[in-house]
Structures are given as structure tokens and as C-alpha cells.
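[1] the sequence and its predicted three-dimensional model are supplied below.
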Amino acid sequence: MKAVTFQGKEAMETKKVDDPQIHEKDDMIVRITASGICGSDLHLYNGGIVPEKDYVVGHEPMVSWRMSVPM
């Protein structure tokens, strides 16, 4: 799958990352159809917060259900 990743101050890059995996019985995989940005994303972009390189950015997703494991 593709994700926007942090590469450094004012440097974001779309990269191929590992597909998600089901690990626990209550995990589910969803399809993200859109994602917004918020203040913490701007802090990353502007260098106020410095995560490791290739950190996957974005936590304001709109999703559709894709797969889950029966309980």
C-alpha cells in the first residue's frame, strides 16, 4: 500500500509500505478513502516535532470496512 511518510523538515514523500496484518482477534483492516491533516501534521512538516524518517503521517482518516476476523 502507499502512505505519506516524513522524510525531514518540509519533506514528505509517498512511499510503498507494508500492508497491514491481522494480529489479534478483534483487529480489522479498513480501506482509507481520504485523509485530512491537522495541527500535529503541520508541526511535523515545519520541524516542530521530529519523528524518525519514514514515519507514516496522517491520523484523520475516512474509511470503509474491508476485513475482520470473526469473534
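    Looks like it arrived, so ask away.
[2] can you tell me the SS state at Leu44?
    helix (DSSP: H, G, I helix; E, B strand; the rest coil).
[3] let me know whether it touches Gln7 as I believe.
    No - under the criterion of Cβ atoms under 8 Å, Leu44 makes no contact with Gln7, lying 10.5 Å away. C-beta coordinates here come from the backbone N, C-alpha and C atoms, glycine included.
[4] more neighbours, these two?
    Residue environment comparison for Leu44 versus Gln7 gives the larger neighbour count to Leu44, 20 against 14, counting by other Cβ atoms under 10 Å.
[5] list the beta-bridge partners for the closest residue to that one other than its chain neighbours.
    Distances taken as Cβ to Cβ, 6 or more residues apart in numbering place Phe6 nearest to Leu44, at 5.6 Å, with adjacent residues excluded. The residues listed as beta-bridge partners of Phe6 by DSSP bridges are Met12.
[6] surely Phe6 touches Ile49?
    No - when contacts are counted by Cβ under 8 Å, Phe6 is not listed as touching Ile49 (9.3 Å).
[7] neighbour-wise, which of the two wins?
    Using other Cβ under 10 Å as the criterion, Phe6 and Ile49 rank with Phe6 on top: 20 against 13.
[8] tell me the buried residues in the one helix or strand Ala34 maps to?
    When elements are defined using DSSP states H and E, Ala34 is found to belong to strand 28-36. Along strand 28-36, no position meets the burial threshold by neighbour count (16 or more other Cβ atoms under 10 Å).
[9] do you know how far the closest residue to Val57 other than its chain neighbours is from Val50?
    Counting by Cβ to Cβ, 6+ apart, Val4 is the residue found nearest to Val57 once chain neighbours are left out, at 4.8 Å. Counting by Cβ to Cβ, to the nearest Å, the separation of Val4 from Val50 is 16 Å.
[10] repeat that for Gly8.
    To Val50, Gly8 is 8 Å away according to Cβ to Cβ.
[11] one step back: higher neighbour count, Val4 and Val50?
    When Val4 is set against Val50 and neighbours are counted by other Cβ under 10 Å, the residue ahead is Val4, at 17 against 12.
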